[in-house]
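**Student:** Structure of the sequence below:
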Amino acid sequence: MIKLIIGLGNPDKKYENTYHNVGILFIDYLREKHPEIHEILHIIKSEHFMNNSGSFVIKSMKRYNVNPEKLLIVHDDSDLVIGKFKLDFGRGAAGHHGIESIQQHLKTNDFWRLRIGIRPTDDKIERIKAGDFVLKKISAKNKAIIERVFAEAAIKLESSP
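**Tutor:** As a prediction, the model looks like this:
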C-alpha cells in the first residue's frame, strides 16, 4: 500500500502552471478535492528542481519512514498525450531527468509512478522535442483536460496499490 505521494515539478514562481509541474498540480488537486487523503497518506510537493528530485525524495522517505515500494512519484510524461495517464511500478526513467535523479539516489526502480501525459495532440506539435513545450504555461483548454485526468487518476489510486 502506498504511504507517501510526492509530486515533482520546479518550485520557482516562473514555473507555476507549466506542463512540467503537473506533479505538483496533482498534489494541489488532492489537497483541495480529497482532503481526507491526509488521514491515510503523506502527500507532499517536491521543494527541489525537477532534475535534482532524488535528494528531496530520499529525505522525505526517511522523514516519513517509507520504503521505496510504498512510494508514489507523480510527474509529467512527454511520451503520453494530454488526457492520458499511467500508473506503473518498477519502470525505467525513459529519459525523464527527475526520475533518473530519484533512481540514482534510491538505487532502485522499485517504486510507483503516476505518469501524466503532457504531449499536445496537434500533429505539428507532436514532432516538437519535449524541451520545447514542457516549460510553457498550460493553456485553459489543456488545464481542463489535465484536471479530468487528475480526477480519473485519484479514483484509480483509491482502488489500486
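**Student:** contacting residues around stretch 86-93?
**Tutor:** Applying Cβ atoms under 8 Å, 6 or more residues apart in numbering, the external contacts of stretch 86-93 come out as 77, 80, 99-100, 103, 109-115, 153, 156-157, 160-161. Quick note: C-beta positions are derived from backbone N, CA and C, even for glycine.
**Student:** Could you report the neighbour count for the nearest residue to residue 49 once chain neighbours are set aside?
**Tutor:** Spatial nearest neighbour of residue 49, excluding adjacent residues (Cβ to Cβ, 6 or more residues apart in numbering): residue 10 at 5.1 Å. Residue 10 has 21 neighbours, counted by other Cβ atoms under 10 Å.
**Student:** ok, back up a step: buried only: go through the contacts of stretch 86-93 for me.
**Tutor:** Those of the contacts of stretch 86-93 that meet the buried threshold are 77, 80, 99-100, 103, 109, 111-115, 153, 157, by 16 or more other Cβ atoms under 10 Å.
**Student:** can you put those in a markdown table and add secondary structure and pLDDT?
**Tutor:** As requested, the buried ones among the contacts of stretch 86-93 are exported to a markdown table (DSSP: H, G, I helix; E, B strand; the rest coil; pLDDT from 0 to 100):
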| residue | secondary structure | pLDDT |
| --- | --- | --- |
| 77 | strand | 92 |
| 80 | strand | 91 |
| 99 | helix | 95 |
| 100 | helix | 96 |
| 103 | helix | 97 |
| 109 | coil | 96 |
| 111 | coil | 97 |
| 112 | strand | 97 |
| 113 | strand | 97 |
| 114 | strand | 97 |
| 115 | strand | 97 |
| 153 | helix | 95 |
| 157 | helix | 86 |
